[in-house]
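Any chance you could fold what I've pasted below:
(one chain, ligands or ions: 1)
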Amino acid sequence: MSATIISGKDLAESLRERVRERAARFLEQHGRKPGLHVVLVGDDPASQVYVRNKERAAERDGLEGKVHRLPADTSMEAVLAKIDELNRDDSIDGILVQLPLPKHLDEQKVIDAIDPMKDVDGLTPLSAGFLVTGREGLRPCTPSGCMHILRSIGFDPAGRRALVVGRSILVGKPIALMLLEANATVTVAHSRTKDLEARVAEADLVVAAVGRPEFIRGEWLKEGAVVIDVGINRLEDGRLVGDVDFEGAKERAGAVTPVPGGVGPMTIACLIENTVIAAERRSAGG
Ligand code: NDP
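Numbering: from 1, shown residues only. Model prediction:
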């Protein structure tokens, strides 16, 4: 069997096309572009690349994108003052704090300070609460991207066995909740899980968000399973690989996302979509 390789790149392009139209309509109706503002503290090289990509993507899709660069030794008070300034600015619809923050800053406290109406990363406790209770809110971008991917291949999670490997706030927990909402029977595996291989073997859908290169072996998979590989790992030789052994997975899976070009582009597309959603909701009064 040779798996279908799901192009997150193409899918992201078509989602962004639709979002671009909504952004243009918003500009027409409100005389301004939806605004996405990113706060970057410090000079971590990977974070610099990520924020630049977000800024460019926003501008390409007809949003106003801006990065606020703060020095690595910025105090907690100064970071909170910046968030407060962005919260109060009515022309800003989405605020994103690039993680990780320098060690001396309290990451949770900084996230908590973001106005939930502008929480385009979906990481504030209120956004998490909306997700748990199945209400409308801004949802984390990477898991939303995974759900878009599943819809695009016509995979209905209802009644299917889904295994999520990883339980982070950013990916594992929210994707597990979204799959549960879509009526899958969800198992969440983590570093204390025993016999992961057996859990993988019984899953119709595997979502891998571990952060370990090629950790989930292709031969563990159930024949025909759908595999969403969230992991991004850089090897010593410079190659980027996912959390799943892609070559092995191609032999057994029904469909699999590649790394790069799978979940990554969808994450950015969903961030742009969330910003337009936030702009539309804010202009409609919440
Ligand atoms: P975290 O490090 O926050 O979480 C990793 C999870 O994997 C933890 O829950 C951990 O378990 C679990 N884990 C670690 N070792 C094992 C093991 N041996 N067996 C089973 N589970 C294990 O990572 P993130 O969730 O933030 O990210 C995961 C990956 O996804 C990373 O590679 C990251 O770069 C990538 N990523 C990609 C994005 C994209 O846009 N494509 C966006 C965000 C992340 P425990 O809780 O017990 O420690």
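
Leaving out chain neighbours, which residue sits closest to the most centrally placed residue in the chain?
The C-alpha lying nearest the average C-alpha coordinate of the chain belongs to residue 142 (CA atoms, centre = their mean; 1.7 Å). In space, residue 142 comes closest to residue 267 once its chain neighbours are excluded; the distance is 4.7 Å by CB to CB, 6 or more residues apart in numbering. For the C-beta atoms, the positions are set from N, CA and C on the backbone; glycine is no exception.

quick one: buried residues of stretch 243-260?
For stretch 243-260, burial by neighbour count (16 or more other CB atoms under 10 Å) applies to 243-246, 248-250, 252-259.

centre of the chain versus the top helix by length along the chain, how much separation?
The longest helix of the chain (DSSP state H) is helix 8-30. On the basis of CA atoms, centre = their mean, to the nearest Å, helix 8-30 is displaced by 17 Å from the centre of the chain it belongs to.

Check which helices and strands the next helix or strand after it sits against.
Beyond helix 8-30 in the direction of the C-terminus, DSSP states H and E gives the next helix or strand as strand 35-41. With contacts taken as 3 or more CB pairs under 8 Å, 6 or more residues apart in numbering; DSSP states H and E, strand 35-41 sits against helix 45-60, strand 64-70, helix 76-88, strand 94-97, helix 263-283.

The ligand is nearest to which of those?
Checking the helices and strands packed on strand 35-41 against the ligand by CB to the nearest ligand atom gives helix 263-283 as the closest, at 3.4 Å.

and that closest one with the ligand, contact?
Yes - using CB under 6 Å from any ligand atom, a contact is recorded between helix 263-283 and the ligand, made by 263-264, 267.

Tell me the buried residues in that helix?
Neighbour counts over helix 263-283 (16+ other CB under 10 Å) mark 263-280, 282 as buried.

quick one, what contacts the closest residue to the ligand within the stretch 1-150 of the chain?
At 4.2 Å from the ligand, residue 142 is the closest residue in the stretch 1-150 of the chain, using CB to the nearest ligand atom. With contacts defined as CB atoms under 8 Å, 6 or more residues apart in numbering, residue 142 is in contact with 170-171, 175, 209, 230, 263, 266-267, 270.

again, only using 10 Å
With contacts defined as CB atoms under 10 Å, 6 or more residues apart in numbering, residue 142 is in contact with 121-122, 168, 170-172, 174-175, 209, 230, 263-264, 266-268, 270-271.
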